[in-house]
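Enquirer: here is my input, please return the structure:
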Amino acid sequence: MKNKKNKYIIIVRHGELNNPKEIVYNRDKVMQSEDIIHLSKTGEKQLMDLAKIIKNQQFRPRLLWTSPETRTVESAEALAQVLKVKLEKKQDLDEIYCPGPYLEKLKMPLWRKTGNPYDQKRWAKYDHEKPANTVKRLTRIFWQIVEKLKAGETGVLVSHGDPIMWLVNYLNYHDILDYPELQKRYYPKKGEAIIFILNLKNKILKHYLLNDF
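Expert: Next up, the predicted model:
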């Protein structure tokens with residue numbers, strides 16, 4: 001059992017996806033129903049394996065909050081199946097709102113090379129979400145779940161790559177860098193989890209990638 005004098009927050013990126021058309025996806029409501037992205041079998045296994053690691057390391061998840069998007073809900077469901085905890089959808093964990101690439105039918109290979117959804121000039125007509133807003137809502141939900149935990153308990157947050165990237169780096173450095181610079185610091189892989197350990201005064205003590213060790 002983990003230290004009863006601490007609280008634990010596990011931040012999880014959704015697993016690998018089934019995206020044969022290589023769509024640059026965004027929020028479900030942005031896309032046609034036939035284009036909504038689902039978790040792949042590999043992604044499901046990633047999350048179930050992660051849940052087993054969480055159990056084996058004797059964390060005690062009490063809360064499991066997820067972004068409302070299909071791919072994150074399916075990831076949270078895989079975690080919940082093993083962890084035996086009820087999931088709740090939280091809007092603050094949602095993907096960044098950036099419909100432009102999908103509406104312009106961009107494909108992932110090109111997007112991986114040149115994509116920057118925070119280029120306000122390039123995407124002005126689509127009103128993409130600004131980094132400051134992403135940071136605001138992700139830090140808000142982080143501290144909300146911290147406040148709800150009791151000593152020795154664990155909260156799990158399931159979200160998306162960019163929101164997690166902004167959150168983790170803001171918690172660590174308390175700044176909001178330009179997107180290209182931020183990517184050099186930390187970007188979560190699909191199915192990856194990072195854990196924050198806090199004391200009972202809600203002070204962050206340390207964080208690390210949650211691995212099977």
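Enquirer: can you name every helix or strand that the helix or strand harbouring residue 142 contacts?
Expert: Element membership for residue 142, per DSSP states H and E: helix 131-148. Other elements packing on helix 131-148 under the criterion 3 or more CB pairs under 8 Å, 6 or more residues apart in numbering; DSSP states H and E are strand 6-13, strand 61-66, strand 154-159, helix 161-173. C-beta: built from backbone N, CA, C; applies to glycine.
Enquirer: out of these, which is the most enclosed?
Expert: Among these, ranked by average contacts under mean count of other CB atoms under 10 Å, first place goes to strand 154-159 (a mean of 28).
Enquirer: report the inter-axis angle for that one versus strand 6-13.
Expert: Strand 154-159 and strand 6-13 meet at an angle of 20 degrees, taking axes from the mean of the first three to the mean of the last three CA atoms, to 10 degrees as the criterion.
Enquirer: quick one: strands adjacent to strand 154-159?
Expert: strand 6-13 (parallel), strand 61-66 (parallel) (DSSP bridges).
Enquirer: can you give me the strands for the chain?
Expert: 6-13, 17-18, 38-39, 61-66, 87-89, 154-159, 193-199, 204-209 (DSSP state E).
Enquirer: same for the second one, what does it pack against?
Expert: Based on contacts counted as 3+ CB pairs under 8 Å, 6+ apart, the elements that strand 17-18 packs against are strand 38-39.
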